[in-house]
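In: This is the structure alone, sequence omitted:
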């Protein structure tokens, strides 16, 4: 259980959850969220191995998260969202704990997770459940510059070997 007073239950997310989620998901960032109705329905109907989970308190959807298998030994935790009125009350921690347990049941290998460098609460939660900080980023904006991009190689099937060779030695 979390620091929250009411018990939190977890279940698979469904298409019917979107109306409840859509009322608060747009407040994730000042510009909204990439999780739209289209993305939610794509996640719900996905056949990729993983879990789309919602957290409920007294029958109300208050959080969501997706655990996705990317490769044989590589998993991704994404879309951790908590309804603003329930943030800071342990709901996010309980959800991530639940998802890490799901990974330990179903997954083998590496579980990766990303959060904004400025999201101190989520960084604390992630570290408390065992995630290790590997990298940080700095957000910036720049003006577009007119440039002749014809010299760039397109990522096509013809140059997959070139791209794979680069990626295997890339520090990223």
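Out: Received the coordinates, thanks. Being a predicted model, the structure only gives us computed values, none of them experimental.

In: Mind listing the residues bridging to residue 78?
Out: residue 66 (DSSP bridges).

In: who are the neighbours in contact with it?
Out: Shown in contact with residue 78 (Cβ atoms under 8 Å, 6 or more residues apart in numbering): 65-66, 68, 113-114. C-beta here means a position set from N, CA and C on the backbone, and glycine is covered the same way.

In: could you pull out the strands for this protein?
Out: Secondary structure of the chain by DSSP state E: the strands cover 8-12, 50-57, 60-71, 74-82, 110-113.

In: Among the contacts of residue 78, name the buried ones.
Out: The neighbour-count test (16 or more other Cβ atoms under 10 Å) marks 65-66, 68, 113 as buried among the contacts of residue 78.

In: Closest one of the residues you listed to residue 123?
Out: Nearest to residue 123 among the buried ones among the contacts of residue 78 is residue 113, at 10.3 Å by Cβ to Cβ.

In: any idea how far the residue lying closest to that closest one once chain neighbours are set aside is from residue 153?
Out: Closest residue to residue 113 apart from its sequence neighbours, by Cβ to Cβ, 6 or more residues apart in numbering: residue 77 at 4.3 Å. Residue 77 is 33 Å from residue 153, where distance means Cβ to Cβ, to the nearest Å.

In: So those two - more neighbours on which side?
Out: Neighbour count, other Cβ atoms under 10 Å: between residue 77 and residue 153, residue 77 has more, with 23 against 9.

In: correct me, but the more buried one touches residue 70?
Out: No - with contacts counted by Cβ atoms under 8 Å, residue 77 stays clear of residue 70, the gap being 10.9 Å.
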